[in-house]
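Undergrad: quick one: sequence plus predicted model below, questions after.
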Amino acid sequence: MPNAFSSLLNRLGWTSSDDLTSQAPTLPSTVHAPRALELVAEGATLVDVREAGEWRSGHAALAIHITLSQLARQTRRLPQDRPVVVMCQSGSRSKVAAKQLRNAGFRATSLSGGIGTWQAAGGSVRSGR
């Protein structure tokens, strides 16, 4: 017999565990690159918080560039109705940025390992602006 929580989810149209995973209201504080790629493919916003020179040397093709120092003033550029995956060079700045975004009401997670792990997992990277 299904419990009350399962019944409620069923009435809301959540019929499988896949739906619960992809539409969960919260995200872990960090994700590995394969999960980050999945989230972006499912519609998450990708934000790169590295400095301009780092961005120009190579960035994820779908990323929005907002440096960590500008993030608090630039959150209006980000949709609040979908998850945000934050990346940097190594994963340190993105942890800080994701926490700032969560505190501002976003569902945000940090890419563990940075842009190198993104690229190694098959994420596209381009250089220039």
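TA: Nice, I can see it.
Undergrad: residues in contact with stretch 114-125?
TA: Contacts made with stretch 114-125 from outside it, assessed by C-beta atoms under 8 Å, 6 or more residues apart in numbering, are listed as 32-34, 36-37, 40, 48, 50, 58-62, 87-91, 94, 111. All C-beta spots, glycine's among them, are computed from the backbone N, C-alpha and C.
Undergrad: in that stretch, what's buried?
TA: G114, I115, T117, W118, G123 (16 or more other C-beta atoms under 10 Å).
Undergrad: over to stretch 32-47?
TA: A33, R35, A36, L37, L39, V40, A44, T45, L46, V47.
Undergrad: repeat for stretch 53-73
TA: Of the residues in stretch 53-73, E54, W55, H59, A60, A63, H65, I66, T67, L68, L71 count as buried by neighbour count, 16+ other C-beta under 10 Å.
Undergrad: quick one, strands of this structure?
TA: In chain order, the chain shows strands spanning 30-31, 45-48, 59-60, 64-65, 84-87, 108-111, 125-126, with DSSP state E as the criterion.
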